Structure formats: C-alpha cells, structure tokens
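Student: build me a model from this:
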Amino acid sequence: MTVQLDLLDSLAASLPPRLYLCRVNPERRMSRFYVLAIEPTLFGGYALTREYGRISRGGRVMRQFFETAGAAVREYGRLRRVKERRGYA
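Tutor: Below is the predicted model of the structure:
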C-alpha cells in the first residue's frame with residue numbers, strides 16, 4: 001500500500017500545478033476566471049479539467065481525457081498560452 005502511495009506522490013509532483021487565471025476589464029464590465037488542472041483518473045489515464053466563468057458566479061466545468069500524462073501536459077501548455085495571449089494573467 002505504501003509503495004502505491006509513494007507512486008501517486010511522485011506522479012503528483014511531476015504534473016503541473018493547478019493554474020488560476022483571471023481577466024478584468026472595468027471599462028467593459030468584464031471579470032472572468034479560468035482554472036486548469038491535470039488529475040490522474042481511476043483507470044490509468046489523465047483528466048485535464050477546465051473551469052471558467054465570471055468572477056463571483058458559478059462557472060462551467062469541462063474535462064478532457066488523455067491516455068498519457070505527456071499529452072495532457074501539452075494541451076495544458078497550449079491552453080495556457082492561448083489564454084495568456086487573450087489577456088488572462
């Protein structure tokens with residue numbers, strides 16, 4: 001059991017951290033958030049979870065599933081670059 005827990009701890013250390021981004025523009029009355037996270041699934045794959053919406057309101061959640069951690073990390077990086085280009089910080 002401890003070997004399995006050690007494996008999960010090392011896996012969690014290799015995945016990127018949960019990322020919180022926001023975009024606020026008072027002139028346009030816009031305040032939005034975007035959250036990215038990668039989590040292992042029960043079946044050996046990985047889920048990229050995206051939560052987004054208006055700040056101070058409930059957001060939407062979307063999950064995308066991947067076979068490998070590398071594929072999930074590449075999509076995480078791509079989405080991060082897209083959101084940063086659009087003004088999220």
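
Student: where are the low-confidence patches of the chain?
Tutor: By pLDDT under 70, the weakly predicted segments of the chain are 1-13.

Student: which residue is nearest the middle of this structure?
Tutor: Nearest to the geometric centre of the chain sits Leu36, at 1.6 Å (C-alpha atoms, centre = their mean).

Student: pretty sure that residue contacts Pro17?
Tutor: No: counting by C-beta atoms under 8 Å, no contact exists between Leu36 and Pro17, whose distance comes to 9.5 Å. Bear in mind the C-beta positions are built from the backbone N, C-alpha and C, glycine included.

Student: give the partner strands of the longest strand along the chain in its sheet and their orientations.
Tutor: Residue-count comparison of every strand in the chain, with assignments taken from DSSP state E, identifies strand 30-40 as the longest. Paired strands of strand 30-40, with direction, are strand 19-25 (antiparallel), strand 46-54 (antiparallel) (DSSP bridges).

Student: immediately after the last one, which helix or strand?
Tutor: Moving toward the C-terminus from strand 46-54, the next helix or strand (DSSP states H and E) is strand 60-66.

Student: now do that following strand against strand 46-54, angle only.
Tutor: What separates the directions of strand 60-66 and strand 46-54 is an angle of 160 degrees, with axes from the mean of the first three to the mean of the last three C-alpha atoms, to 10 degrees.

Student: that'll do, ta.
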